[in-house]
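# take this sequence and fold it.
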Amino acid sequence: MITGLFGITISYHRNLSHKSFKIPKWLEYLFAYCGVHALQGDPINWVSTHRYHHQFVDTEKDPHSPVQGFWFSYIIWIMEKRDGSIIEMIRKHRKLDNAADLEKQTFYRFIRKTYLLHPIALAVILYVIGGIPFFIWGTCVRTVMLLHVTFMVNSLCHLWGKQPWKTNDFSRNNWWMSLVAFGEGWHNNHHAFEYSARMGIEWWQFDLGWYVIVFLQAIGVATNVKLPSQSHKQKLAKR
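This is a model prediction of the structure:
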């Protein structure tokens with residue numbers, strides 16, 4: 001919940017990648033730091049990769065599209081040769097120039113330079129507190145489970161499910177993925193309205209990430225919360 005919901009879904013994805021809402025800097029950095037411990041990359045690299053995904057969705061330039069095969073989109077893409085913090089496949093097409101908003105901030109540059117030290121430090125702390133069981137469940141199992149959830153969104157949600165919106169890509173809404181991925185399973189909704197803080201657009205579409213954002217908005221912490229307009233929905237709706 002801490003590293004997956006607050007770190008990846010709310011921070012890395014909705015707040016940093018798409019700027020779906022605003023929160024105070026101290027809270028933005030806190031949530032982003034939670035994401036660091038998910039071991040999915042530092043904020044700059046993660047955000048850059050995801051923005052490329054939307055820019056080149058389901059083409060050969062997409063970092064993790066099933067057009068290059070299911071297993072490529074699931075896990076092989078993450079094993080591509082790296083050049084520093086830049087995935088080699090992306091480097092062929094673009095420089096890491098689509099995350100300048102994060103590059104300008106000292107906090108994110110520091111995290112990029114010291115990235116692996118933070119989850120290692122957490123693993124040591126867990127071991128000191130609770131021994132091998134804390135290390136196994138608090139680091140190994142947690143990290144592997146969350147990685148597979150993310151891999152499934154990248155792959156399964158571009159292959160199986162419903163597509164109520166005309167997005168010109170393979171993104172799909174997958175209800176059961178939304179249960180394990182904090183609402184990220186409503187993937188066709190997301191690709192249709194990538195700026196939206198809410199992915200489960202219908203009232204019955206479970207979206208835990210959205211419920212947290214609603215709470216943050218209710219207590220006056222989250223502002224400029226973006227939602228799809230009715231006209232935009234009518235434009236993309238399949239008749």
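# now the helices for this structure?
Taking DSSP state H as the criterion, the chain contains helices spanning 25-36, 43-55, 70-74, 88-91, 100-103, 106-113, 117-135, 142-155, 175-180, 187-192, 208-218, 230-236.
# would you tell me which one of those is buried the most?
The highest average neighbour count among the helices of the chain, using mean count of other Cβ atoms under 10 Å, belongs to helix 187-192 at a mean of 26. For every residue, glycine as well, the C-beta is placed using N, CA and C.
# tell me what that one is packed against?
In terms of contacts (3 or more Cβ pairs under 8 Å, 6 or more residues apart in numbering; DSSP states H and E), helix 187-192 is not packed against any helix or strand.
# what sits up against it?
Where contact means Cβ atoms under 8 Å, 6 or more residues apart in numbering, the residues beyond helix 187-192 that reach it are 54, 57, 153, 157-158, 161-167, 169, 171-174, 177, 184, 196, 199-201, 205, 228, 236.
# sorry, back to before: which stretch in the helices of the chain is the model least sure about?
Confidence, taken as mean pLDDT, is least for helix 88-91 of the helices of the chain (a mean of 50).
# before we move on, back to that, need the helices of the chain in TSV with distance to residue 14, can you?
What follows is those, written out as TSV (distance: least, Cβ to Cβ, whole Å):
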stretch	distance to residue 14
helix 25-36	10
helix 43-55	11
helix 70-74	21
helix 88-91	22
helix 100-103	15
helix 106-113	17
helix 117-135	22
helix 142-155	13
helix 175-180	14
helix 187-192	9
helix 208-218	6
helix 230-236	18
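# closest to residue 11 out of these?
Relative to residue 11, the nearest member of the helices of the chain by Cβ to Cβ is helix 25-36, separated by 3.6 Å.
# and the angle from the closest one to helix 117-135?
Here the directions of helix 25-36 and helix 117-135 differ by 60 degrees (axes from the mean of the first three to the mean of the last three Cα atoms, to 10 degrees).
# next, the contact list for residue 11, please.
Neighbouring residues of residue 11 by Cβ under 8 Å, 6+ apart: 28, 31, 32, 34, 35, 43.
# so which of the residues you listed comes closest to residue 8?
Sorting the contacts of residue 11 by how near they are to residue 8, with Cβ to Cβ, puts residue 35 at the top with 5.3 Å.
# nearest spatial neighbour of the closest one, skipping sequence neighbours?
In space, residue 35 comes closest to residue 7 once its chain neighbours are excluded; the distance is 3.2 Å by Cβ to Cβ, 6 or more residues apart in numbering.
# for that neighbour, the count of nearby residues, please.
24 (other Cβ atoms under 10 Å).
# test my guess that it contacts residue 29.
No. Proximity of residue 7 to residue 29 does not meet the contact threshold set by Cβ atoms under 8 Å, at 11.7 Å.
# just the CA coordinates of stretch 151-162, formatted as PDB?
As requested, the backbone C-alpha atoms of stretch 151-162 are provided in PDB (Å, rounded to 0.1, in the frame of the first residue of the first chain):
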ATOM      1  CA  PHE A 151       4.000  -5.800 -15.500                       C
ATOM      2  CA  MET A 152       0.400  -7.000 -15.800                       C
ATOM      3  CA  VAL A 153      -0.900  -3.500 -16.400                       C
ATOM      4  CA  ASN A 154       1.700  -3.000 -19.100                       C
ATOM      5  CA  SER A 155       0.800  -6.200 -20.900                       C
ATOM      6  CA  LEU A 156      -2.500  -7.700 -20.000                       C
ATOM      7  CA  CYS A 157      -4.300  -4.300 -20.100                       C
ATOM      8  CA  HIS A 158      -3.200  -3.900 -23.700                       C
ATOM      9  CA  LEU A 159      -4.500  -7.400 -24.700                       C
ATOM     10  CA  TRP A 160      -7.600  -8.400 -22.700                       C
ATOM     11  CA  GLY A 161     -10.600  -6.500 -21.700                       C
ATOM     12  CA  LYS A 162     -13.100  -4.000 -23.000                       C
END
